[in-house]
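J.: Got a sequence here, can you build the structure:
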Amino acid sequence: MRHSTEGHIVWRWLYLVLAALILLLGAATAGLGGWLLMLGGTVYYLATGLLLLVGGVLAFLGRHKLALGAMALALVVTLAWALIEIAGKGWMPTWGFDLAARVGLVAGLVVAAGMSYLFWRTSVRSGASLASLGGVAVVLVAVAAVVAIHWERSEAPASVAAAPAAPVAVGPREASADWTHFGGTTHGRRYSTLSGINAGNIDELDVAWTFRSGDLTPAPGRIFYSSQNTPIKVGGSLYTCTSSAQVYALDPATGYVRWRYDPDVPEPALEQLFSVACRAVGYFDSGADVTMDVIPEVPGIMPAVPRGGSACARRIFVATADGRLIALDAIGGHLCRGFGAEGVVDLTLGMGLREPGFASNTSGATVAGGLVIVGQQVSDNQRRDAPSGVVRAYDAETGELRWAWDALRPDPQAPLDENDIYPRGTPNVWNVISADEELGLAFLGTGNGGGDHWGGNRTEEEDRFTAAVVAVDLVTGETRWVFTTVVHDLWDYDLGAQPMVLDLEIDGTVRRAVLQGTKAGDLFVLDAATGEPLRPVEYRPVPQGGELPGERLEPTQPQSVFYPNLGGVPGQEPERIDERHLWGLTPIDAALCRIEFLQRRYEGMFTPPTLEQKGMVLLPGTVGGMNWGGLGFDPAQRLIISNHSRLPNIVDMHPRADVEDRAAGSGGTRPDQEIAPQSSTPFGVTRPMWLSILDVPCLAPPWGYLNATNVDTGELVWSKPFGTGYDTGPLGIPTRIKIAMGTPNLGGPLVTAGGLTFIGAAQDNYLRAFETATGRLVWEARLPAGSQAGPMTYEHEGRQYVAMTATGHARFETTEGDYLVVYALPPTDEDLSGVPNGAAADPDGTEPDEEMP
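T.: Predicted structure coming up:
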């Protein structure tokens, strides 16, 4: 009897504790719901909050049946409201997460309160109690089973006995055994004709070797590492660069270090960069003969000594944050003394930097037509008179400057006068540059001028060359054509993705084209020779009014209407959100997000920056849409493979009198700034990702997609949420839930003739392979760090490999590391060379910190 009495007391106190929590939740929800209703929002939060509040109060007054009735009614209202809103926005692919978040806390508290009351008022061992408990268990198991089956069918790796895609003729436009540029070739298609790894054997793909550079940030919180590197492979070596521009030449079969070069970049130059990156090294082959003797292999190092031919006939170019373009012998790793001044070209000349690292190259040099072409990132939103956005081309053998293109520089070959500098504050080219040597053109995707979100004093030429695709003559640097993707860009919709060169049949004629993906979600297709749009582009009206003092707004903006928009939920029209699209993990954070949304201005993608209301919501956000990872293209299946983020920012403009932070060049540095100063403009700016008080996006998932679009028909062939919350979660706590909900992503795809698309990029630490034709996940591998980079593939001694950089992204808050992980199928007898499959090339002899299942 005593046990029974004690049990009843425990259940009674549990019931009262839960009632108290329900009361508090109801009071907070009702208060926020009243505020939301006054702003024109839904009545749900006020109504449900009052029901929960009344239920909690009645419980303490002893009116338990009425209390439970009010609570149950709140749960019914919540479920009905959740389903109505989810249906109203179109049953998005991750609606289950949305439903769970809307209903979960209320359902958990109400059901728990009801069960504890039941156990309190009846015998713990009574048939009714056991039946109730069993019923709840059955429901929970059923829900879990439905979720598991759905995930297994849609996302789990599967063995697919499918033949590789039809073979494609190998030519200079496609990567094959070698991968010589960031995008495979200068055409930037991120496609390889290799088909040895395919859907029929990918289950056997495993780690062949792992390399660790040891290059980790020297100052966490001040210097933000993210190497973002796609290695290149030429001949007998694989070349990679680390965040601080250390270059390694590795044996492609084992990962053993052949040589290493450390430019020893000073830390102050790294502080000014948003992310310290080295997306690629450049490669040049003069064509001169090189013969060599190879010193017998020593574990960990295999140096080669040129002999009998031309030293530096083959060279590797790397750019550093402190403004050096360095040429290294591809075989021996030493400086090419005939290039520039003892192997180095000074990229700070003519820049007037004021601070080291204020402008620097992070995407790597593009080598084409005997030139080394270098753009640069310029630290965002620091000052209107920032360093120039000039793009320069140097002779690949001598380092002599051949031309310098700038939006305000009519003659790219005109020499600078002594002590003169390139025009300040002009649009820069921070992404990877493409080239077509047959046409004799380089293709530049430009960014913004010195202030992203205020352009009141921009010139007509600056606007023309902002967020634009520009074709320049490889020989002279002269502008052949320009296509502006955002007119008078006030949203930081600069072009991050590398322009892609491909062939399309238009009205029965094959045309060389440039495909440009944008942060705004457009896929523009332009004639490579003329810049003429080859697919329809419409200039559509955009929001007007409320602009900043001294600002002007364009009445229309261009939109590609042949292809789906890939800036939000993929569809023919750009996504426009409303209150239903917002969510939270509790009613409280959800209501706060809705309140902020209604306090801000939002009228779609081109809502202008404003001082009215509380500011504005920016979607697509500053990471896109499509960003620097670029696009992939399968020429056999005619599919464009793209990944994009769907993560909004909030943008607040601060009058100059309220901005105390100093700009770079005036004693300021980015890690110390609360407000980006945009000096020499009337406004500073803050533009954080729009997160709730629980550090999750206020916008309901998916936050990232992977898509396949038919380049000829414009059809969206497949689209799916991309990335899981396995390594992320509320308050930065990983959920360890491996169900695709779609995460923001940075890094591009690799498409192969084996019918596969490999991609890392998401906020979880995985490399995945999808069947290109269908989007089905067929393989995944756990990585030791974040994979915010682009994978590549190569063949060495008859064996195909897939390489993935895993160094994480400090700004993206993914796991940081210093890894390059390379995969291959199990070796055949001919492949075995004495080095065990899976051996790690690890300079310091350490193993990865995290076990990789």
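
J.: if I pick residue 90, what's in contact with it?
T.: By CB atoms under 8 Å, 6 or more residues apart in numbering, the residues touching residue 90 are residue 569. All C-beta atoms are positioned from the backbone trio N, CA, C, and that covers glycine.

J.: next one: phi and psi at it?
T.: Backbone geometry at residue 90, expressed as degrees, to the nearest 10, gives phi 100, psi 20.

J.: and it, how far is that from residue 569?
T.: From residue 90 over to residue 569 the distance is 8 Å, taken as CB to CB, to the nearest Å.

J.: For the closest residue to residue 396 other than its chain neighbours, which three-state class applies?
T.: Spatial nearest neighbour of residue 396, excluding adjacent residues (CB to CB, 6 or more residues apart in numbering): residue 284 at 4.4 Å. Using DSSP: H, G, I helix; E, B strand; the rest coil as the criterion, the local structure at residue 284 reads strand.

J.: For residue 284, list each beta-bridge partner.
T.: residue 315 (DSSP bridges).

J.: I figured residue 793 hits residue 179, correct?
T.: Yes - here residue 793 reaches residue 179: they are 6.7 Å apart, a contact under CB atoms under 8 Å.

J.: I'd like to know how many residues surround the spatially closest residue to residue 95 that is not a sequence neighbour.
T.: Spatial nearest neighbour of residue 95, excluding adjacent residues (CB to CB, 6+ apart): residue 86 at 5.0 Å. Using other CB atoms under 10 Å, residue 86 has 19 other residues around it.

J.: thinking again about what came up before, what's the overlap in contacts for residue 793 and residue 179?
T.: Common neighbours of residue 793 and residue 179 (CB under 8 Å, 6+ apart) are residue 192.

J.: quick revisit: please list all residues in contact with the residue nearest to residue 95.
T.: Neighbours of residue 86 in contact, by CB under 8 Å, 6+ apart: 92, 95, 98, 99, 102, 580.

J.: Let me have these in JSON lines, extended by neighbour count.
T.: Output for those, formatted as JSON lines (neighbours: other CB atoms under 10 Å):
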{"residue": "92", "neighbour count": "17"}
{"residue": "95", "neighbour count": "17"}
{"residue": "98", "neighbour count": "21"}
{"residue": "99", "neighbour count": "16"}
{"residue": "102", "neighbour count": "25"}
{"residue": "580", "neighbour count": "17"}
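
J.: does residue 16 belong to a helix or a strand, and which?
T.: Element membership for residue 16 (DSSP states H and E) is helix 2-38.

J.: how far away is the residue nearest to residue 95 from residue 724?
T.: Distance of residue 86 to residue 724, computed by CB to CB: 21 Å.

J.: Tell me if I am right that residue 117 is in a helix.
T.: Yes - assessed with three-state DSSP, residue 117 lies in a helix.

J.: circling back: just want the angle from the helix or strand encompassing the residue nearest to residue 95 to helix 2-38.
T.: In this assignment (DSSP H and E), residue 86 forms part of helix 64-88. Interaxial angle, helix 64-88 versus helix 2-38 (axes from the mean of the first three to the mean of the last three CA atoms, to 10 degrees): 50 degrees.

J.: So which of the contacts of residue 86 is the closest to residue 392?
T.: residue 92 (45.6 Å; CB to CB).

J.: Spatially, and excluding backbone neighbours, which residue is closest to the closest one.
T.: Nearest one to residue 92, counting by CB to CB, 6+ apart, is residue 569 at 6.5 Å.

J.: Please name the residues that touch the one you found.
T.: 90, 92, 575, 646, 702, 705.

J.: pLDDT score for it?
T.: For residue 569, the pLDDT comes out at 97.

J.: Quote the end-to-end distance of stretch 775-789.
T.: Start-to-end span of stretch 775-789 (CA to CA, to the nearest Å) is 20 Å.

J.: cool, stretch 685-698 as well?
T.: 20 Å.

J.: List of residues touching it?
T.: 381, 452-454, 492, 582-586, 588-590, 592-593, 596-597, 609, 617-618, 621-622, 647-654, 674-676, 678, 699, 703, 729-732.

J.: Quick check: the residue nearest the centre of the chain vs residue 277, distance?
T.: When CA atoms, centre = their mean is applied to the chain, the residue found nearest the centroid is residue 746 (1.7 Å). Distance of residue 746 to residue 277, computed by CB to CB: 10 Å.

J.: Quick check: neighbours shared by those two?
T.: residue 228.

J.: ok, back up a step: in the helix holding residue 16, what's buried?
T.: Residues of helix 2-38 classed as buried by neighbour count (16 or more other CB atoms under 10 Å): 8, 11, 14-16, 18-19, 21-23, 25-33, 35-36.

J.: Who are the packing partners of that helix?
T.: Contacts defined by 3 or more CB pairs under 8 Å, 6 or more residues apart in numbering; DSSP states H and E place helix 2-38 against helix 44-60, helix 64-88, helix 95-121, helix 587-599.

J.: Figure out which of those is closest to residue 504.
T.: helix 95-121 (36.3 Å).

J.: now the closest one against helix 587-599, angle please.
T.: Going by the same axes, to 10 degrees, helix 95-121 makes 140 degrees with helix 587-599.

J.: what helices or strands is helix 95-121 leaning on?
T.: Using 3+ CB pairs under 8 Å, 6+ apart: helix 95-121 touches helix 2-38, helix 44-60, helix 64-88, helix 127-154, helix 587-599.
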